[in-house]
Each structure stands twice: as structure tokens, then as C-alpha cells.
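Asks: what's the 3D shape of this:
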Amino acid sequence: MPRYRRARAPGASYFFTVTLHDRRSDLLVREIDLLRRCVRAARDRHPFHIDAWVVLPDHMHCIWTLPLGDGDYSLRWQVIKHSFSKRLPATEPRTATQLRRGERGIWQRRYWEHLIRDDNDYRRHLDYIHYNPIKHGHVTRLADWPYSSFHRAVAAGLYPADWGDAPDDEALRLGE
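Replies: Numbers count the residues shown, from 1 in each chain. Coordinates of the predicted model:
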């Protein structure tokens, strides 16, 4: 089995993309309350700061900052994914290997992680996270997407309320 090399810098900020196995699913927004409870429980056991987060139907992006002296984000993702999965009925298709290992077929096995290098890198990833609902055609106004830290960022003065909104011609293209 390959060993994936991951950047581990205690106390650093990281950008993540975590995806469902079924990219056509809306499970993450359909079960948003469960996902929030699982994240909260993981943070209680293994603290981290949520700098930004957006949840889309089939994937999510976030930036976390870990405590000083702690670089183990893998454990946190394992706890979140496991606790979310075990609270759902086992209705998803699973391979023989998944069945043999007692694994669920909800999540893609891996996730994308990126160590934030500097303030510019942080800001680019923050913008990427918050713009994602428009990028994927879910809304034309970011304020209309409820599963995002964008609202918190606006309240903190990091963005104007209309930041990133799709131009009117895109709204027409999306049928609005």
C-alpha cells in the first residue's frame, strides 16, 4: 500500500477538500445537522480552529488552523468521517473489499490537503472556498447559500455582502 506524503506543520493552517464517493449525491447538505454535530464532537475531542468552511451537496472545502504543537489533521478527519458514516443507514453500494474490511462507501478514501504558505495563499484559498457555491451553479448570490462561513466573514468585515455575486447574465443563464 502506498504511503502518502503529507505536509505536517504543528500549529499551521491547512486547506482541505473532502469528497463523497458518489459525486451525484446531496448527502452533505441533506444531513447538514449530522455533519455539524460530528465536526463539533471532533473539535471537542481534538481542538482546531475553523477559519472557513463551505459544504456543497457532494464535497466540502475548509481551512483549519491547528493548535500549537499539533499537526495531526488526519486524526480529526478520521473522527469526522467515521462518526458521520456510522450514524447513517448502510444503504450505499460497497465493494467486496469494503465489506470485508467493515468500511462504508460514503467517502472518497483520500482527501486533498494543502499547507497554507503565507497571507496571500491564505486569502486565495479563503476566496476559493467562499466562491464555490457560485462556481458550481448552486446560487447566483453567495448570501443565498446557507452552508458557508461566508456569512460569518461578512459579519467580520472581511467581505462586502455582495462579494462574488454572479453577474446578471450568469443569473439569466442559470434560469433566475
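
Asks: neighbours of the closest residue to Arg8 other than its chain neighbours, just the number please.
Replies: Leaving aside its chain neighbours, Arg8 sits nearest to Gly71 (4.0 Å; criterion: CB to CB, 6 or more residues apart in numbering). Where you see a C-beta, it was placed from the backbone N, CA and C, and this is true even at glycine. By other CB atoms under 10 Å, the residues close to Gly71 number 16.

Asks: ok, Gly71 to Leu115 distance?
Replies: As for Gly71, its distance to Leu115 is 10 Å (criterion: CB to CB, to the nearest Å).

Asks: Same question for Asp72.
Replies: Taking CB to CB, one finds Asp72 at 14 Å from Leu115.

Asks: can you check Pro146 too?
Replies: Distance of Pro146 to Leu115, given as CB to CB: 29 Å.

Asks: Have a look at these two and say which one is more surrounded.
Replies: Taking other CB under 10 Å, Pro146 and Leu115 do not tie; Leu115 has more neighbours (15 against 12).

Asks: check contacts around the more buried one.
Replies: Residues in contact with Leu115 (CB atoms under 8 Å, 6 or more residues apart in numbering) are Ala7, Ala9, Ala12, Ser13, Tyr14.

Asks: what are the phi and psi values for it?
Replies: phi -70, psi 120 (degrees, to the nearest 10).

Asks: Leaving out sequence neighbours, find the closest residue to it.
Replies: Using CB to CB, 6+ apart and skipping residues adjacent in sequence, the residue nearest Leu115 is Ala7, 4.0 Å away.

Asks: Assign that neighbour to helix, strand or coil.
Replies: coil (DSSP: H, G, I helix; E, B strand; the rest coil).

Asks: And it, how close does it get to Thr97?
Replies: 29 Å.

Asks: Between those two, point out the one with more neighbours.
Replies: Of the pair Ala7 and Thr97, Ala7 is the one with more neighbours under other CB under 10 Å, namely 13 against 8.
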